[in-house]
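J.: based on what follows, work out the 3D shape:
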Amino acid sequence: MWKTLDEGGVKFRRGEFVLIAAAPGVGKSAMALTLAIKSGKRVLYFSADSGARVQRARAASILTGEPVADYLDAIDRNDTEEMDRLLVGRLSHVWFDFDAAPELPALEEITRAYALIHGAWPDVIVVDNVSNVYAEGEGFTGLEQVCDYLNELARQTDAVVIGLHHLIGEHEAGDKPAPLSGLRGKISKIPTLILNLFRETEEQMGVAVVKNRSGRANAAGGYTLTLDANLATMQITDPSWSAGSGLADPVNEWQRMMAEHAA
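T.: Next up, the predicted model:
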């Protein structure tokens, strides 16, 4: 999906549970929805954090590059004929569930219903956000139960299961890489891959790879990758310097200079 992540060792592998965490407004839902739409894979998207109106506008924006606000205005005016044609034609591979507080049995039932209708499990399952899912345990115990279930779901279905999550404390500002310890709740042992997103600049999203069982990571947030990100139009792309332009990656260049200085 993103060459920058792939070349940096970030792989969304089937049968594994992945966690993407960020402060509000940084773009974790935008990243997950972009992946769902542009991957072309069969996707089951549990959108507990955002309703149908917002996701409808976001999806159209991802496909066209037009501002989300324009599509929201069109929905409010009931002027959606062109948008609906676009979504029907290019969003048929993504199934949404908009229950704001789904319980674990409901996730199980809907996933099985998907498989019954399509004759196959989804390739990708997104849960946005894991903290919106109701479990019997209270607080962090319940959160751990949800993540245990999602990890098992990935193994049972051989799907990439992507959970979205929040950061805590000083990391809620979203303006610098958060360490593994910045996750809300003690759930870092369960996912195979954990990405903490942050705003690198107004037009760039930083991706701190804080856990990666099959590749490079740094629990302190010291290993980061960069994507161009315009959240107004929901465009998250590889930066220009990653596409053969001959320009150096500014983040990796900074890390190299710091390593040379330390030596």
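J.: contacts, neighbours, all on C-alpha from now
T.: Fine.
J.: can you pull out the low-pLDDT segments for the chain?
T.: 241-263 (pLDDT under 70).
J.: go again with 90.
T.: 1, 89, 136-140, 169-170, 185-186, 240-263 (pLDDT under 90).
J.: what's in contact with the helix of greatest length in the chain?
T.: The residue-count maximum for a helix in the chain (DSSP state H) belongs to helix 139-157. With contact meaning C-alpha atoms under 8 Å, 6 or more residues apart in numbering, helix 139-157 is reached by 14-17, 104, 121-122, 130-131, 133-137, 159-161, 185-187, 190-191.
J.: and for stretch 94-101?
T.: 36-37, 42-52, 132-134.
J.: of these - the most surrounded one?
T.: residue 43 (27 neighbours; other C-alpha atoms under 10 Å).
J.: rewinding a little: between the contacts of stretch 94-101, which is nearest residue 220?
T.: residue 132 (26.7 Å; C-alpha to C-alpha).
J.: looking at the contacts of helix 139-157, which are in helices?
T.: Short answer: the contacts of helix 139-157 in helices (DSSP H) are residue 104.
J.: in PyMOL, how would I select just the buried ones from the contacts of helix 139-157?
T.: What follows is the PyMOL syntax for the buried subset of these, where burial is set by 16 or more other C-alpha atoms under 10 Å:
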select buried, resi 15+16+17+104+121+122+130+131+133+134+135+159+160+161+185+187+190+191
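J.: how about the longest helix of the chain: buried residues?
T.: Buried, per 16+ other C-alpha under 10 Å, within helix 139-157: 142-155, 157.
J.: enumerate every residue touching residue 131.
T.: Applying C-alpha under 8 Å, 6+ apart, the residues near residue 131 are 143, 165.
J.: and the residue nearest the centre of the chain, which helix or strand is it part of?
T.: The centroid of the chain falls nearest to residue 32 when counting by C-alpha atoms, centre = their mean (3.2 Å). Counting by DSSP states H and E, the element that carries residue 32 is helix 28-38.
J.: likewise residue 217?
T.: Using DSSP H and E, no helix or strand contains residue 217.
J.: quick one, what contacts residue 24?
T.: 166, 172, 174.
J.: from the residues you listed, which single one is nearest residue 226?
T.: Nearest member of the contacts of residue 24 to residue 226, counting by C-alpha to C-alpha, is residue 174, at 14.5 Å.
J.: wait, doesn't that closest one sit right on residue 28?
T.: No: judged on C-alpha atoms under 8 Å, residue 174 makes no contact with residue 28 at a distance of 11.2 Å.
J.: joint contacts of the two?
T.: Common neighbours of residue 174 and residue 28 (C-alpha under 8 Å, 6+ apart) are 22, 197.
J.: these two: which has the busier surroundings?
T.: Counted by other C-alpha under 10 Å, residue 174 and residue 28 do not tie: residue 28 has more neighbours, with 25 against 20.
J.: ok, now which ones touch the more buried one?
T.: So residue 28 contacts 20, 21, 22, 164, 197 (C-alpha under 8 Å, 6+ apart).
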